[in-house]
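> Compute the structure for the input listed below.
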Amino acid sequence: MTHVIVHAGFHKTGTTSLQDFLAQNRTALAPWLDYYGQRDFMNAGAAARLYAQRPFPHRLYVFRRAFRTFLAAIPDHDTIILSRESFSGGMPGHRMLGGRMITSYLPAARRLARSIVKELRLRFGPDVTITFFYTTREREAWLRSVHGHLLRSIRLTDDYDTFRGRFPMDIAPIEQARQMADALSPIPVVTAALEDHADDPHGLASALLDLADVPAAVRADLAPAPHRNRGQGENLRATFLALNRQRLSKQELKAQKERLLAPHRRTP
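Model (predicted):
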């Protein structure tokens, strides 16, 4: 029986390192699992994000159609891991149509998850085993990371205290995952906290390897998890905030940020 593990979020919880680990160990793990990450889903990932920003029924249909096309193109395997943060929607802090800020995954994530379940059952049969997996992070560290990401990626003009104040106190990755568990029941939901895996050579991926029943002997030969997207220092954050508050064109703002980020880019 096929077991599909859906790593559906959340942003800024160590997901890039986890995905890089699974990608670079894909061949070694092939007997035990098939892994599909950000670049494998055709248009489904982008369609999920757009649905969160423009939550119209036709946008959800576009996502389902793209996800169905992806599933039709992959081979059968006993264990399949699908990893894409946008399967829970858009990163909080982005704006929806009309200008309202996204402060919770739940409105989009519930509908996207139900669509994912339906499509998996269509593809693999009604008896397919499905597990949803969410990576989490302590609330304050998560909000700081989200804020830093948005400062460098969009024209966010909030300082951190203002940004933090836009989020209700119960909005944290672990609480969002618990509410998703309620919405998805009886489908199991498993969580893994970034801070609990800081010293693990395989990082958060260890929790996925547990779910996939990868033997210890196989894990011992895997390449260690890389560390990605550590974010920028306070000085660079302050510079991005100042740039965002200037009346620069979109092209000039992007160019200035790219120049500032260039020395910090990791080379393969």
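> close enough to count as contact, Arg59 and Ala46?
No. Taking CB atoms under 8 Å as the definition, Arg59 is not a contact partner of Ala46, at 11.0 Å. C-beta coordinates here come from the backbone N, C-alpha and C atoms, glycine included.
> can you pull the buried residues of stretch 180-200?
Using 16 or more other CB atoms under 10 Å as the test for burial, stretch 180-200 gives 180-181, 183-184, 187, 189-194, 197.
> Which member of these is positioned nearest Glu258?
Of all these, Leu194 has the smallest distance to Glu258: 27.5 Å, by CB to CB.
> how near is that closest one to Leu253?
According to CB to CB, to the nearest Å, Leu194 and Leu253 sit 30 Å apart.
> Quickly find the element holding Val218.
In the assignment (DSSP states H and E), Val218 maps to helix 216-219.
> which residues make contact with that helix from outside it?
For helix 216-219, contacts defined as CB atoms under 8 Å, 6 or more residues apart in numbering pick out 28-29, 32, 202, 206, 209.
> Mind checking which of those residues land in helices?
28-29, 206, 209 (DSSP state H).
> Which two of the contacts of helix 216-219 have the greatest separation?
Spanning the widest gap among these are Ala28 and Ser206, at 14.9 Å by CB to CB.
> ok so, going back, want to throw the contacts of helix 216-219 into a markdown table with neighbour count, distance to Arg84 and pLDDT?
Shown next, in a markdown table, are the contacts of helix 216-219 (neighbours: other CB atoms under 10 Å; distance: CB to CB, whole Å; pLDDT from 0 to 100):
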| residue | neighbour count | distance to Arg84 | pLDDT |
| --- | --- | --- | --- |
| Ala28 | 14 | 22 | 96 |
| Leu29 | 22 | 18 | 98 |
| Trp32 | 17 | 20 | 97 |
| His202 | 21 | 20 | 94 |
| Ser206 | 19 | 20 | 96 |
| Leu209 | 22 | 19 | 97 |
